[in-house]
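Colleague: Coordinates only, no sequence provided:
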DNA sequence: CATGGCAATAATATATGATATTTTACTTTT
DNA sequence: AAAAGTAAAATATCATATATTATTGCCATG
């Protein structure tokens, strides 16, 4: 039972991407192929294939002739990502509210329930269950837009969500009650098909998170 | 002079991508590694790296354990792509009009001039200079949004433009005078910083192209 | 003491060949 | 003609080899 063992390439891809997003591999880190071969138990060819994919998604930089490194971070980059996430996710949300059927509503309610549970359990300081919490956050945001029926839109959005997430993981803080209320408001607006409200709250939700993360980044900045 | 010979990987990437976009490799074609090795004079490793990159950009499909194929086409996919291109390019255009300086205006005027020249030379039926024409079209659309100052936005847009272009190349027709007028209108709106008009025209420009291509696709459809 | 240049070293890009698995094609059987 | 089983082709992965390119440390020169 469970997923039948996937290919080496696929698991390496997931592990590397995970480690970049969750900060195991810090921004700017040089990715030396020999070291990676040990750590990820994959051959050179497989690793290079994986790194090329991550490079084209923007999680890895591949300057010509000098290998790979974890894509660096910057406030400007985060702002761009947040901006794009607002643009795409709001658009997808509108489409989804227009198309979603009852099945979709069911999945949305379920996703929100799980997210709400863990959000209220965790509280504003606790960071022990971060991975699970972020998974549920992802599932809720995905559920919201899933009825947009555009594979292209969904796959672009997934990448942006992950890039945004990396910055959140970098500063390791959470906004607590405010975010909970925003999720609640989005659920309600979605169920009543109030696209305008839903979009407004979503935009605020993302921009507040941006603001929060930017402040935290400035706080932990290396410059004194 | 000229670009110093790039790496094998880079040139293979460009050639493969070009051949997919311009229909040398038809949608759905199986990409057999052995054959590619001959045709593109690259080793297996290099080819697989390239194909993985193209896969993550969506030009190639890579179903688990059964190699690679040129991503198939469908009217739905084209509609999604056109929709996304409108969304991103209009947003970028607005930002660009807000930020562009005189240098930017200069590059824009130059790009339009080249495009206009070749557009009026070619006429509605001629397809001999297609590649050059499309290059100038790209340069003009890029010039319009280049002052948006968002690397992330520009790189997403570049991929969408290429995907849209593949469909246009697939049906090999052009809209003639109408498109010329739209380009002209966009240039003027851009120079007068009239973002609303520019966006409206741009949206119409893309949607008209979509419509045109969809009709042509329906016409050459394999089903009788 | 700084600086420019050069050799030694490390790392990368590319290529080749080998093996285990998996698909696909084909043939035989019922 | 459907099912089953086998042969052939293709893929995924790996180990290794070579040429090219980047990096580092050292030395001479100013």
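Modeller: Right, received. Where do you want to start? Worth saying up front: this structure is predicted, and the values here are computed from it rather than measured.
Colleague: ok, is the helix or strand encompassing residue A:135 in contact with chain B or not?
Modeller: When elements are defined using DSSP states H and E, residue A:135 is found to belong to helix A:130-145. No. Contact of helix A:130-145 with chain B (C-beta under 8 Å from any C-beta of the partner chain) is absent, the minimum separation being 13.5 Å. Using the backbone N, CA and C atoms, a C-beta is placed for each residue, glycine as well.
Colleague: Just the buried residues of the next helix-or-strand element following that helix, please?
Modeller: Scanning forward in sequence from helix A:130-145 by DSSP H and E, the next helix or strand is helix A:151-171. Taking 16 or more other C-beta atoms under 10 Å in any protein chain shown as the basis for neighbour counts, the residues of helix A:151-171 that come out buried are A:152-154, A:156-157, A:159-171.
Colleague: Do you know the pLDDT at residue A:125?
Modeller: What the model reports for residue A:125 is a pLDDT of 63.
Colleague: Where does chain A get nearest to DNA strand C, residue-wise?
Modeller: Nearest residue of chain A to DNA strand C (C-beta to the nearest atom of the strand) works out as residue A:67 at 3.0 Å.
Colleague: Geometric centre of chain A: which residue is closest?
Modeller: What sits nearest the mean C-alpha location of chain A, by C-alpha atoms, centre = their mean, is residue A:162, with 2.8 Å.
Colleague: what number of residues lie near the nearest residue to that residue once chain neighbours are set aside?
Modeller: The shortest distance from residue A:162 to any non-neighbouring residue, by C-beta to C-beta, 6 or more residues apart in numbering or on different chains, is to residue A:21 (5.6 Å). Residue A:21 has 21 neighbouring residues, counting by other C-beta atoms under 10 Å in any protein chain shown.
Colleague: try the one 5 residues further on
Modeller: A total of 12 residues lie near residue A:26 under the criterion other C-beta under 10 Å.
Colleague: what sits against it?
Modeller: With C-beta atoms under 8 Å, 6 or more residues apart in numbering or on different chains as the criterion, the residues that contact residue A:26 are residue A:70.
Colleague: does it sit in a helix, a strand or a coil?
Modeller: Three-state secondary structure (criterion: DSSP: H, G, I helix; E, B strand; the rest coil) places residue A:26 in coil.
Colleague: what's the distance between it and chain B?
Modeller: For residue A:26, the distance to chain B equals 21 Å [C-beta to the nearest C-beta, to the nearest Å].
Colleague: Could you tell me the phi and psi values at that residue?
Modeller: phi -70, psi 150 (degrees, to the nearest 10).
Colleague: Next: residue A:69.
Modeller: Given degrees, to the nearest 10, the pair of backbone angles that residue A:69 has is phi -150, psi 150.
Colleague: so what's it up against?
Modeller: Taking C-beta under 8 Å, 6+ apart as the definition of contact, the neighbours of residue A:69 are A:28, A:29, A:30, A:31, A:60, A:61, A:63.
Colleague: Close to DNA strand C: what parts of chain A are there?
Modeller: Taking C-beta under 7 Å from any atom of the strand as the criterion, the neighbours of DNA strand C within chain A are A:30-34, A:44-45, A:48, A:62, A:64-68.
Colleague: switch to 6 Å and redo it
Modeller: Contact residues (C-beta under 6 Å from any atom of the strand) of chain A with DNA strand C: A:32, A:33, A:48, A:65, A:66, A:67.
Colleague: Most neighbours out of the contacts of residue A:69, which is it?
Modeller: Neighbour counts for those peak at residue A:60, which has 23 neighbours (criterion: other C-beta under 10 Å).
Colleague: Who are the contact partners of it?
Modeller: By C-beta under 8 Å, 6+ apart, the contact set of residue A:60 is A:20, A:31, A:51, A:54, A:68, A:69, A:70, A:71.
Colleague: so the third one is in which element?
Modeller: Remark: residue A:51 resides in helix A:44-57, with elements defined by DSSP H and E.
Colleague: Determine the set of other helices and strands touching that helix.
Modeller: For helix A:44-57, the elements it packs on are helix A:8-21, helix A:33-40, strand A:60-61, helix B:44-57, judged by 3 or more C-beta pairs under 8 Å, 6 or more residues apart in numbering or on different chains; DSSP states H and E.
Colleague: closest to DNA strand D out of these?
Modeller: Taking C-beta to the nearest atom of the strand as the measure, the helices and strands packed on helix A:44-57 were each checked against DNA strand D, and helix A:8-21 came out nearest at 3.1 Å.
Colleague: That closest one and DNA strand D, any residue contact?
Modeller: Yes. Using C-beta under 6 Å from any atom of the strand, helix A:8-21 comes into contact with DNA strand D via A:8, A:9.
Colleague: how about the residues of chain A near DNA strand D?
Modeller: Proximity of chain A to DNA strand D (C-beta under 6 Å from any atom of the strand) is limited to residues A:7, A:8, A:9, A:42, A:43, A:44, A:45, A:46, A:65, A:66.
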